[in-house]
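> with the input below, show me the fold.
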Amino acid sequence: MGILQSSAKRTSNTRTMQTSAKSKAQWMLNIIGIMIVAVFLFPLYWLVITSFKTESEIFAHHITLLPQHWTFQAYSDQLDGSSYNILLGFRNSAIIAFGTLIISTVLSIPAAYGVARFKFPGVNVIVLLFLVTQMLPSSLILTPLFIQFKHLGLIGNTYWGAILANATAGIPFSVIILRTYFATLPKELEESAKIDGCSVLTTFLRIMIPIAIPGVVVAMVFSFLFAWGDLIFGMTFIGSESMRPITAGIYNFLGFQSTSWNNIMAFGTVSILPVVLIFIFIQRFIVSGLTNGAVKG
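Numbering: from 1, shown residues only. Presented below is the predicted three-dimensional model:
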C-alpha cells in the first residue's frame, strides 16, 4: 500500500513539474512575442509621437519618448490645406488604388484558377515567370512602361498610366496568392458540379469563387495597398500635380535648407489611417486567406 502511495505521489509531482515547466515556457514565449512586437511597432510609435512634438524638441539633445509640449499644429496644417491639400491626395490615391484593385482582381482570379486547376504544357514555366516578376524592382520596368504608355497617350493628365502600371506589378502577386488557394480546394466539388450539368464557367463563377472568397479578399487587399503606397509610378506617369497620389505630398515638406519633420510625421500618420482601418475590419479574411492558401502549393 505504501509503495502505491509513493508511486502515485511521484507521478503527481512529475505532472506538477511538467505543468510548471509548460507554464514557464508559455510565459517566456509570450514575453519574447511582446518584445518582437514592440521592436517592430516602435517606428510606428515614433512616427505618431514625433508628429505631436515641436521642431525644437525634435532636434533637442535629450530624446524624449513623450512630447514635453503637445502640439496639434502639424495636424491642423494637414487639414486646412495651407501646405498641402491632403483630401485631394486621398481622392487621387483612392482612384488609383481602387482602379488597380478592380483590374488586378478581374484578371488574376481566372488566371490563378487556370494555372491551379488545369494541366497544360508550360504551366510550371508560367508560374515561374510570375515568381520572377516579383523579384524585379519597379525601376526596372519603369522605362519600358513609360515608352508604351507614351505611345498610348496614357501619360499626363490621366490616372490610367499609374493604374495600369500598378496593376501590372500587382497581378503576378495576386495570381500566386490565389493559385495556392485554388489548389487547396477539393476536386470533388468540380466533379459534382459536372455531374449536375454545370459547365466549367458556371462551376467557376457559382461554386469556386464563393468558396475562395477569403483568398480573393487577400489578393484585393494587397493590390489596394500596393497601389496606395506607390510613389514612383504616380510621379512618373501623372504630369498634373493636382492628380498625383497622396504619397507625392511628402515632397511639399522637404526643403533645400530645412525639413519640417513634425509635418512629415503628421502627414505619414494621416496617410496610413486607411491601411490601419483595412487591417482592423477585414483581419479575419486576411488571416484565413493566407493560412488556407499556405496548406498546399
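> domain map for this structure?
2-73, 76-293 (automatic domain parsing).
> and Y159, its phi and psi?
phi -90, psi -10 (degrees, to the nearest 10).
> let me see the contact set for it.
92, 95-96, 99, 238, 243 (CB atoms under 8 Å, 6 or more residues apart in numbering). For every residue, glycine as well, the C-beta is placed using N, CA and C.
> mind doing that once more with 7 Å?
95-96, 99, 238, 243 (CB atoms under 7 Å, 6 or more residues apart in numbering).
> what ranges of the protein fall below the confidence cut-off?
Low-confidence segments of the chain (pLDDT under 70): 1-21, 81-83, 254-258, 285-297.
> restricted to helices, list the contacts of Y159.
95-96, 99 (DSSP state H).
> pick the one among those closest to G114.
Closest approach to G114 among the ones in helices among the contacts of Y159 (CB to CB): G99, at 23.8 Å.
> centre-most residue in this protein?
Closest residue to the average C-alpha location of the chain: F222 at 4.3 Å, with CA atoms, centre = their mean.
> need the contact list for that one.
If you count contacts by CB under 7 Å, 6+ apart, then F222 has F173 around it.
> tell me which element it falls in.
helix 213-228 (DSSP states H and E).
> which residue ranges of the protein form strands?
Taking DSSP state E to define them, one finds no strands in the chain.
> picking up where we left off before, which of the ones in helices among the contacts of Y159 ranks first by neighbour count?
Highest neighbour count within the ones in helices among the contacts of Y159, by other CB atoms under 10 Å: I96, with 31 neighbours.
> and the gap between that residue and G153?
18 Å (CB to CB, to the nearest Å).
> same check on D80?
36 Å.
> I'd assumed P245 was in contact with S93.
Yes. Here S93 reaches P245: they are 4.2 Å apart, a contact under CB atoms under 7 Å.
> what residues does T71 make contact with?
Contacts of T71 (CB under 7 Å, 6+ apart): 52, 54.
> now swap in T54 and tell me
69, 71, 262.
> ok, now how distant is it from F42?
On the measure of CB to CB, T54 and F42 end up 21 Å apart.
> how many neighbours does N157 have?
9.
> and the nearest residue to it once chain neighbours are set aside, backbone torsions?
Among residues not flanking N157 along the chain, S240 sits closest, at 4.7 Å (CB to CB, 6 or more residues apart in numbering). Main-chain torsions, S240, degrees, to the nearest 10: phi -80, psi 130.
> how close does S240 sit to L231?
For S240, the distance to L231 (CB to CB) stands at 16 Å.
> those two: who's more crowded?
Of the pair S240 and L231, L231 is the one with more neighbours under other CB under 10 Å, namely 15 against 11.
> so that one touches T247, yeah?
Yes. Using CB under 7 Å, L231 is in contact with T247, at 4.3 Å.
> the helices in the stretch 151-297 of the chain, which residues?
Under the criterion DSSP state H, counting those that start in this stretch, the stretch 151-297 of the chain carries helices at the ranges 160-184, 188-195, 200-203, 209-211, 213-228, 232-237, 261-271, 273-281, 283-293.
> any chance of the ones you listed in JSON lines with distance to S139 as columns?
Listed next are those as JSON lines, based on distance: least, CB to CB, whole Å:
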{"stretch": "helix 160-184", "distance to S139": "11"}
{"stretch": "helix 188-195", "distance to S139": "42"}
{"stretch": "helix 200-203", "distance to S139": "39"}
{"stretch": "helix 209-211", "distance to S139": "35"}
{"stretch": "helix 213-228", "distance to S139": "15"}
{"stretch": "helix 232-237", "distance to S139": "7"}
{"stretch": "helix 261-271", "distance to S139": "22"}
{"stretch": "helix 273-281", "distance to S139": "23"}
{"stretch": "helix 283-293", "distance to S139": "28"}
